[in-house]
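Peer 1: sharing a model that was predicted from the sequence below.
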Amino acid sequence: MPLVDIASILDGEHDGEEVTIRGWMYNHRSSGGIQFLMVRDGSGVIQCTLPRDRVPEETYKRVEKLPLESVVELRGVVKVDERAPNGRELSITEVVNLWEAQPGYPITRKRHGVEFLLDHRHLYIRDPKMQAILRIRSKVLEAARDWLREHGYTETHSPSFITAACEGGATLFSVDYFGRKDVYLTQSWQLYAEALIYTLGKIYTIAPSFRAEKSRTRRHLAEYWHLEVEEPWTDLWGIMKVGDELVTHICHRVAEEMPRELKSLGRDPKELLRLEPPYPRITYDEALEILRKDGIELEWGDDFGWREEEPLTRHFDTPFWVTHFPIGVKAFYHKPDPKRPEVTLSADMLAPEGYGEIIGGGQRIDDYDELLTRIVEEGLNPEDYSWYLDLRKWGSVPHSGFGLGVERLIMWICHLDHIRDAIPFPRDVRRVFP
RNA sequence: GCCGCCGUAGCUCAGCCUGGUAGAGCGCCCGGCUGUUAACCGGAUGGUCGACGGUUCAAAUCCGUCCGGCGGCGCCA
């Protein structure tokens, strides 16, 4: 009797067959003569039916008293039935094995508050909603790696312990590094990536970044996963094309391979399948004009706040780019536009529907003197960036890259209302436990 | 760094304004029900009202301080 995944049953691969499943009982309903067990394995959730006359009375009563999150091994026949929550159910023929959990599982099918669920995060991740999100998260990263590998990018890594800021304004976590006080957790692989392209060419990384911003919004984490790409011989337009194709590939793969999970989260897979590159592109100046027509005034040279970013995303129904931000609102290494030095060759990709920025990137400064000037202008100490400046002395070429906020992308794909559910154990200014 | 809200049973909350012996629903436990969908029905259990201090004959309720949490701004991915 084959032991099968619940997902394969839900996908219709075993209709009418007798199979065995193994999983955790996440809910249980009884109607006297028939019991309904909701069973979850790593792949999905299925309803199992157990009529009283199907098994010995002793077994029936034992199942009836089984505490939530007990482990069950069940044999049964797969039936297509509209009354089952996912359209298919397992009609139990034999209760093969039971491993009883303790009574009193804290998370019930009723309402819980945010604080309670975060305090019980180690258990809440078992919830079918969290299971669906985390499975999509895995698919997002799998699809990204596949696309990057197929297009000639090499995965590589940068250190998490660093000594100098790479983004001017953002706040750093300081750590006690063998007693040294000037060591921090990284915010981006940016400076190291620019060193690595001269040995590996087109590269990417998927790694955590740390920001000690005391942000209290539904879009921020103190520890988030950063998918960063950097490549030589590429300008602003080239790197935007990479972003377009990468995000499109990820969305298509998730829509094709995880439609059930997307639907359970309120995202229609068709909304992802219809995406095609290139995404719309507007300049910072054009964005200001759109906002002005909405009655939102922003002085030229100021960065977008959420007050500007959120309404702008309502003008689009796909991700879109905002390019050519004024010098000063982006980090020092962004290359000023030779045709218009008051703006940089920078670009942010914003998700629609009020989700906002998911990618930030652009073309980097490749000239030594220009880079040194910008470091000084930003009030930074050139000595902190000595090795980074070195890169412009030997074989410097035009190069570009971007950083994608993995949880931001997942948040939009999964239609979440808070970024914390895009990661199993979120870290923010108030929470590092569990 | 700033603004706002919340802490009462295992959970979600009412009670607080107008001070007078602690409430509901759900869960757990017991019983019933042969198609449930957050199942339902009956019963039982369950609380130093976040902590400390003050006012008062009397504080969950009024005042102060602290702790914890949530939402938002700024900043960013």
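Peer 2: Looks like it came in fine.
Peer 1: what number of residues lie near the closest residue to residue A:177 other than its chain neighbours?
Peer 2: Excluding its sequence neighbours, the residue lying closest to residue A:177 (CB to CB, 6 or more residues apart in numbering) is residue A:183, at 3.6 Å. C-beta coordinates here come from the backbone N, C-alpha and C atoms, glycine included. Number of residues near residue A:183 (other CB atoms under 10 Å) recorded here: 16.
Peer 1: quick check: the residue in chain A positioned nearest to RNA strand B vs residue A:195, distance?
Peer 2: Nearest to RNA strand B, among the residues of chain A, is residue A:33, at 2.1 Å (CB to the nearest atom of the strand). According to CB to CB, to the nearest Å, residue A:33 stands 70 Å off from residue A:195.
Peer 1: what of residue A:263?
Peer 2: According to CB to CB, residue A:263 and residue A:195 sit 44 Å apart.
Peer 1: with residue A:406 instead?
Peer 2: Counting by CB to CB, the gap from residue A:406 to residue A:195 is 23 Å.
Peer 1: show me which of the two is the more surrounded one.
Peer 2: Under the neighbour definition other CB under 10 Å, residue A:406 and residue A:195 were set side by side, and residue A:406 has more, 23 against 16.
Peer 1: surely that one meets residue A:207?
Peer 2: No - using CB atoms under 8 Å, residue A:406 is not in contact with residue A:207, being 9.8 Å away.
Peer 1: residues shared between the contacts of those two?
Peer 2: Common neighbours of residue A:406 and residue A:207 are listed as A:225-226 (criterion: CB atoms under 8 Å, 6 or more residues apart in numbering).
Peer 1: now do the SS call for the residue nearest to residue A:177.
Peer 2: Assigned state for residue A:183: strand (three-state reduction, DSSP: H, G, I helix; E, B strand; the rest coil).
Peer 1: grab the nearest non-local neighbour of residue A:401.
Peer 2: Using CB to CB, 6+ apart and skipping the chain neighbours, the partner closest in space to residue A:401 is residue A:230 (3.4 Å).
Peer 1: and the one you found, how many neighbours does it have?
Peer 2: 29.
Peer 1: got the contact list for residue A:19?
Peer 2: Residues in contact with residue A:19 (CB under 8 Å, 6+ apart) are A:1-4, A:9, A:75-78, A:90.
Peer 1: what about the helix or strand it falls within and RNA strand B, touching?
Peer 2: Of the helices and strands defined by DSSP states H and E, residue A:19 is found in strand A:18-30. Yes - using CB under 7 Å from any atom of the strand, strand A:18-30 reaches RNA strand B at A:27, A:29-30.
Peer 1: mind checking the pLDDT average for that strand?
Peer 2: Mean per-residue pLDDT for strand A:18-30: 94.
Peer 1: and after it, which helix or strand comes next?
Peer 2: Toward the C-terminus, strand A:18-30 is succeeded by strand A:34-40 as the next helix or strand (DSSP H and E).
Peer 1: pull the CA atoms of whatever helix or strand comes next after that next one into CSV?
Peer 2: Sequence order places strand A:45-51 as the next helix or strand after strand A:34-40, per DSSP H and E. Extracted C-alpha coordinates of strand A:45-51, given in CSV (Å, rounded to 0.1, in the frame of the first residue of the first chain):
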residue,chain,number,x,y,z
VAL,A,45,-4.1,19.3,4.2
ILE,A,46,-6.9,16.8,3.5
GLN,A,47,-10.1,15.8,5.2
CYS,A,48,-10.4,12.2,6.2
THR,A,49,-13.8,10.5,6.9
LEU,A,50,-14.3,7.7,9.4
PRO,A,51,-17.8,6.1,9.7
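Peer 1: and the end-to-end length of stretch A:381-393?
Peer 2: The first residue of stretch A:381-393 is 19 Å away from its last residue (CA to CA, to the nearest Å).
Peer 1: that one: which residues count as buried?
Peer 2: A:385, A:388, A:391-392 (16 or more other CB atoms under 10 Å).
Peer 1: and the contacts of it?
Peer 2: For stretch A:381-393, using CB under 8 Å, 6+ apart, the contacting residues are A:163-164, A:191, A:194-195, A:198, A:365-368, A:371-372, A:375-376.
Peer 1: at 10 Å instead, please
Peer 2: A:163-166, A:182, A:190-192, A:194-195, A:197-198, A:332-333, A:364-372, A:375-376, A:396, A:399 (CB atoms under 10 Å, 6 or more residues apart in numbering).
Peer 1: contacting RNA strand B as well, which ones from the buried residues of stretch A:381-393?
Peer 2: Among these, no residue sits close to RNA strand B (CB under 7 Å from any atom of the strand).
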